[in-house]
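1. what follows is a protein structure lacking sequence information:
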């Protein structure tokens, strides 16, 4: 399939088609996501928990992001890929933001980058990155890199004033030059208000059904990551249970001597070569 562009996403919105968006962090997963026909892949800094075993996204580095984005690009050469900007890769200055966004584009061949927040400083970063010729996706609402300021990993915009703050952040992010915005963990009415007022694609992860498209973390939706499951996740499979069962069965087979079966799982020598080999051993 041909890789979609921002023009394709605009046409999808015009035609009332929903945009599908999933995370991937490695070659094999990306390959499967592309085979499924998903429109867009996010290589999220959530790889910190899903792949690297951290409790938060904070320890994830630019080198981590570049390496995982490279793997995903190799697995999904024909899919629009968004690379996440990890904590402290853009907060310090516009110059840092542009340089690090450039790494994801230049070294990992992503199509766009994503960063979190909606204040004046973030608007400045978006403008700078966009002016460098790089597509920027905003991310507002529940923003994991701002967990300390928002009071932890919980829904945002649940009061009228908090909801208006997020709506205004969406407007500021769009005006700064973002090509799209991801809204996370907000009431559906807030997601609807943002979507109705936006002139760019609005994607949701826990943002209700009114957004132009939906994102899920693949490890949540297939039951791979079971440390915590957000309310907005729908589980489509229990791959974790299947894998655990397979690993247990493998262990049992090895312990009992049932694997490998030499008649089925091992390489063969010709009868003549076997005789010659056995004679050589006797000598």
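-> Right, received. Where do you want to start? For clarity, every value in this text was computed on a predicted model and none was experimentally measured. Numbering: from 1, shown residues only.
2. can you give me the helices in the stretch 51-200 of the chain?
-> Secondary structure of the stretch 51-200 of the chain (DSSP state H, counting those that start in this stretch): helices at 62-75, 94-108, 120-131, 147-150, 160-176, 188-197.
3. mean pLDDT for those helices: which is lowest?
-> When those are ranked by mean pLDDT, helix 147-150 comes last with a mean of 82.
4. for residue 264, which of the helices of the stretch 51-200 of the chain is the nearest?
-> helix 62-75 (30.8 Å; CB to CB). All C-beta atoms are positioned from the backbone trio N, CA, C, and that covers glycine.
5. quick one: the closest one to chain centroid distance?
-> 11 Å (CA atoms, centre = their mean, to the nearest Å).
6. next: stretch 35-49.
-> Worked out by CA atoms, centre = their mean, stretch 35-49 lies 3 Å from the chain centre.
7. tell me the buried residues in that stretch?
-> 38, 39, 40, 41, 42, 43, 44, 45, 46, 47, 48, 49 (16 or more other CB atoms under 10 Å).
8. which of those residues fall within strands?
-> Per DSSP state E, strands hold the following members of the buried residues of stretch 35-49: 40, 41, 42, 43.
9. which one of those residues sits closest to residue 282?
-> Nearest to residue 282 among these is residue 43, at 58.6 Å by CB to CB.
10. would you check how far apart the closest one and residue 128 are?
-> 22 Å (CB to CB, to the nearest Å).
11. leaving out chain neighbours, which residue sits closest to residue 25?
-> residue 47 (4.4 Å; CB to CB, 6 or more residues apart in numbering).
12. show me the contacts for that neighbour.
-> 25, 60, 64, 65, 68 (CB atoms under 8 Å, 6 or more residues apart in numbering).
13. so the fourth one sits right up against residue 107, yeah?
-> So that's residue 65. No - applying CB atoms under 8 Å, one finds residue 65 not in contact with residue 107, separated by 9.8 Å.
14. look at those two and report which has more neighbours.
-> Between residue 65 and residue 107, counting by other CB atoms under 10 Å, residue 65 is the more crowded of the two (28 against 17).
15. distance of that one relative to residue 163?
-> Taking CB to CB, one finds residue 65 at 31 Å from residue 163.
16. next: residue 263.
-> Distance from residue 263 to residue 163, by CB to CB: 67 Å.
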